[in-house]
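Visitor: need the 3D shape of this:
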Amino acid sequence: MNDSISPTGRIERKTYDTTELREDNEDWDTLSDDEKLTRIREADALDEEEVYNVTTERFHEYLVDNLHPGVTTDANLDAAWMALGTDSATGTGVTDTDLNTRVFEKSVTDHADNGTELLASTFISSTEANGNTLNEIGLFTGDPNNLSSSDVFMINHATFSDVVKDDERTITFDVTLTFSDT
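Guide: Numbering: from 1, shown residues only. A predicted model of the protein is given here:
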């Protein structure tokens, strides 16, 4: 029997009508992204989807290196940035280092963990990523515009159904990374 720890990821995407959010929250435009994310949790989504991803070889290497007593690494990396892309047709693979066609990146809005799962939530406002048909997502250890840095890499990569992003849409992405025995 070959026991191992398996990292898996679940991505929940929820799309909201920005006009309805403003009607339900008079102070909507004055709130921070953190405050908007908290309030949006109680709103009804226009649509939602749950997909699963691949975790990357670079992420697996990072985990192994940080458990190996002879390898010195910076074990203080975060799931700090989320990026969106427009090329789901190319697919995903464990050797991916970036999205197929990355068009937007943003720091993660909120984190939570329970010991075996990490939740990284990102709020995309009505003014962000507009004019794109979004359909791929990745979680990164830092700003994806700095991928040449050794401490910035993509953790996971997933595709989802097309979402035409415009100023009438607000979106939340909840990326849950789970570590379990297999």
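Visitor: only C-alpha atoms for contact and neighbour calcs from this point on.
Guide: Will do.
Visitor: next secondary structure after the lowest-mean-pLDDT helix or strand in the chain?
Guide: When each helix and strand of the chain is scored by mean pLDDT, DSSP states H and E, helix 57-67 comes last, with a mean of 68. Downstream of helix 57-67, the first helix or strand assigned by DSSP states H and E is strand 81-85.
Visitor: name the helices or strands packed onto the helix or strand immediately after that next one in the chain?
Guide: For strand 81-85, the succeeding helix or strand toward the C-terminus, using DSSP H and E, is strand 102-107. Packed against strand 102-107 by the contact rule (3 or more Cα pairs under 8 Å, 6 or more residues apart in numbering; DSSP states H and E) you find strand 81-85.
Visitor: point me to the helix or strand that includes residue 23.
Guide: In this assignment (DSSP H and E), residue 23 forms part of helix 18-24.
Visitor: pLDDT on that helix, on average?
Guide: The average pLDDT for helix 18-24 rounds to 94.
Visitor: in it, what's buried?
Guide: Across helix 18-24, burial judged by 16 or more other Cα atoms under 10 Å covers 18, 21.
Visitor: state the number of residues packed around residue 84.
Guide: When neighbours are counted by other Cα atoms under 10 Å, residue 84 registers 25.
Visitor: and it, bridged to which residues?
Guide: For residue 84, the beta-bridge partners are residue 104, residue 137 (DSSP bridges).
Visitor: correct me, but it touches residue 98?
Guide: No. Look at residue 84 against residue 98 with Cα atoms under 8 Å: they stay out of range, at 10.2 Å.
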